[in-house]
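# Mind looking at a prediction? Sequence and model below.
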Amino acid sequence: MEVTILPAKELRGQVRVPGDKSISHRAVILGALACGETEIDNFLFGGDCLSTIGIIRALGVQVVTEENRVVVRSAGMDGLLEPENILDAGNSGTTTRLMAGVLSGCPFFSVLTGDNSLRQRPMGRVIKPLTTMGARITARKGNSLAPLAIQGGKLRAIDYYSPVASAQVKSAVMLAGLLTAGVTTVIEPARSRDHTERMLEYFGARVEVDGQRVSIWGRPNLIGKSISIPGDISSAMFFIAAGITVPGAELEILNVGINPTRTGALEILKDMGADIVLQNVREVNGEPVADLKVHGSPLNGTDIGGEIIPKLIDELPVLAVVAALANGETVVRDAAELRHKESDRITAVVRLLGGLGAQVSERPDGFVVRGGRQLIGAPCDSFGDHRMAMAAAVAGLSARGATTIKDAECIDISFPYFINTLNGIIVK
Ligand code: S3P
């Protein structure tokens, strides 16, 4: 599918973005580990979360999908069954790594794999702690790449010093710890998103957080719950970026999750001069939520690096587009993790912005954008990466001429109907 974006004169209106991807995965997984019924509202029916549902069903758990809702009915963590076939996580790193944690604690054999992109992404980072806990895992390329063959069983609780600030690694170990007697602890080099911790507590598990140290008490009796999932701030960010970069724009984005481990991009954009106001701040199922109001604003370049990186890692492609439309230089550093996402997002950002006429250069751990040049619409690659495709669309709104995005169907991974939602705010 090819999508063409034309320059926007005006953006106006109210937007609702789909449910949070990270929280949607965790709701289905914890629903499967809890006894009874878990009702999930505003679930994200994107490709990645559908992969998680497929795998949970293959483990013998009933998952019923309705229009905007999912119901999980499970006999609990000891009721999961050995899958009869290979488990396909599609494009989803979160599904693979979190499920590797769960499957390690289950007394049966399973094989996890995914698409071409997923099979190039580093899995040694979860295999290492899970084998230390006692799981037997073998994988391609010296136990580093999927497919992963997992013989799970009784594990031992460990203290794990993770070399990366990754919520997927932390969550894999915590979920294995949930299935294991004793207290399992993960210590991170910087704080990553904490949706697993919050949702485990919401389901009744004992979790203790002390700075960058998180402990989980194993084998609790989790009971099914009702969960309402907030809109995904990573999806909202494409509309926030559009709203601040199109002069005179006025947008309201409703029901957005503002968990402080996810709001790094809001902090950076405010620093750059963006007019973003949070309204009606509230809490839903242990997660903070707000409505956001954004206006077109003059923006200045900035420095992005250090401990804020995990809080905005998924937003860097669209922040790069904002940087290209801001005055002055923006430097992104300490973000080498970007090379291990759905695409190598450092190379992809440099190729995207360079192709649109921006001044941008690559660094091993980030990139430098010199903003303020008029972007020129051109054919763009999606790199098979949903966030790259949507970042290209935001750039296209401010470029001169038409911007065409090839292979744009990958947008459905996290934001089905993105193009319809965008069309709804473009004033013709
Ligand atoms: C996610 C964690 C992050 C993020 C990804 C979703 C999660 O990945 O980039 O989109 O749901 O736990 P890492 O754990 O690899 O940093």
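Good, I have the coordinates.

# neighbours around the nearest residue to I55 once chain neighbours are set aside, how many?
Closest residue in space to I55, ignoring its immediate chain neighbours: L87 at 4.7 Å, by CB to CB, 6 or more residues apart in numbering. The C-beta positions use only the backbone N, C-alpha and C, and glycine is treated the same way. One way to gauge burial is a neighbour count; for L87, by other CB atoms under 10 Å, it gives 23.

# Which neighbouring elements make contact with the host helix or strand of I56?
Using DSSP states H and E, I56 maps to helix 47-58. Where contact means 3 or more CB pairs under 8 Å, 6 or more residues apart in numbering; DSSP states H and E, helix 47-58 is packed against helix 21-33, strand 62-65, strand 87-88, helix 93-104.

# now those as TSV including mean pLDDT and distance to L118?
Shown next, in TSV, are the helices and strands packed on helix 47-58 (pLDDT from 0 to 100; distance: least, CB to CB, whole Å):
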stretch	mean pLDDT	distance to L118
helix 21-33	98	14
strand 62-65	98	21
strand 87-88	98	9
helix 93-104	99	6
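
# Quick one, which of the ones you listed gets closest to P416.
The closest approach between P416 and any of these, judged by CB to CB, belongs to helix 21-33 at 11.6 Å.

# hmm, who's touching the helix or strand just after the closest one?
Sequence order places strand 35-41 as the next helix or strand after helix 21-33, per DSSP H and E. Residues outside strand 35-41 that contact it (CB atoms under 8 Å, 6 or more residues apart in numbering): 24, 27-28, 30-31, 68-76, 221-229.

# and if you look at stretch 153-160?
Applying CB under 8 Å, 6+ apart, the external contacts of stretch 153-160 come out as 104-107, 129-130, 132-136, 173, 176-177, 179-187, 218.

# tell me which parts of the stretch 51-200 of the chain are close to the ligand?
T94, S166, A167, Q168, S171, R193 (CB under 6 Å from any ligand atom).

# Which of the three states applies to the fourth one?
Which is Q168. Secondary structure, DSSP: H, G, I helix; E, B strand; the rest coil: Q168 is helix.

# Just give the nearest non-adjacent residue to it, would you?
Of all residues not flanking Q168 in the chain, R97 sits nearest, at 3.9 Å (CB to CB, 6+ apart).

# same thing with the second one?
Computed as CB to CB, 6+ apart, the closest residue to S166 that is not its neighbour in sequence is S192, at 5.8 Å.

# For stretch 146-158, what is the spacing between the initial and final residues?
For stretch 146-158, the first-to-last residue distance is 24 Å (CA to CA, to the nearest Å).

# Repeat that for stretch 330-343.
Per CA to CA, stretch 330-343 runs 22 Å from first to last residue.

# list the buried ones in that stretch?
T330, V332, R333, A335, E337, L338, H340, K341, E342, S343 (16 or more other CB atoms under 10 Å).

# quick one: I425 from G248, how far?
13 Å (CB to CB, to the nearest Å).

# ok, these two, which is more surrounded?
I425 (23 against 11).

# Assess the claim that that one and R16 are in contact.
No. Using CB atoms under 8 Å, I425 is not in contact with R16, being 11.5 Å away.

# L155 and the ligand, how far apart?
The spacing between L155 and the ligand, counted by CB to the nearest ligand atom, to the nearest Å, is 21 Å.

# Could you look up the SS state of that residue?
coil.

# buried sites along stretch 374-393?
375, 377-378, 380-393.

# and it, how far out from the chain's middle?
The chain centroid and the centroid of stretch 374-393 are separated by 19 Å, computed with CA atoms, centre = their mean, to the nearest Å.

# quick one: terminal-to-terminal distance for that stretch?
End-to-end for stretch 374-393, by CA to CA: 15 Å.

# Can you confirm whether it lies near the ligand?
No. Shown here: stretch 374-393 not in contact with the ligand (CB under 6 Å from any ligand atom), separated by at least 8.5 Å.

# Check stretch 220-239 too.
No. Figure legend: stretch 220-239 not in contact with the ligand (CB under 6 Å from any ligand atom); closest approach 7.2 Å.

# now that stretch: mean pLDDT?
Taken as a whole, stretch 220-239 has a mean pLDDT of 98.

# coming back round to it: ok, and the most crowded of the residues of the stretch 51-200 of the chain next to the ligand?
S171 leads these on contacts (other CB under 10 Å) with 31 neighbours.

# my read is that one is in a strand, agree?
No. Applying three-state DSSP, one finds S171 to be helix, outside a strand.

# hang on, the earlier thing: give me the subset of the buried residues of stretch 374-393 that lies in strands.
Judged by DSSP state E, the buried residues of stretch 374-393 include C380 as members of strands.

# one step back: just give me the closest of the buried residues of stretch 330-343 to D210.
The nearest member of these to D210, counting by CB to CB, is E337 at 24.1 Å.

# give the contact list for that closest one.
V164, S166, I309, I313.

# Please apply the same query to V70.
Counting by CB under 8 Å, 6+ apart, V70 has contacts A27, V28, G31, E39, I40, F43, I53, V63, V64.

# Now list the buried members of the residues you listed.
Buried subset of the contacts of V70 (neighbour count, 16+ other CB under 10 Å): A27, V28, G31, E39, I40, F43, I53, V63.

# out of those, what pair is the most spread apart?
Longest span within these, CB to CB: E39 and I53, 14.3 Å.
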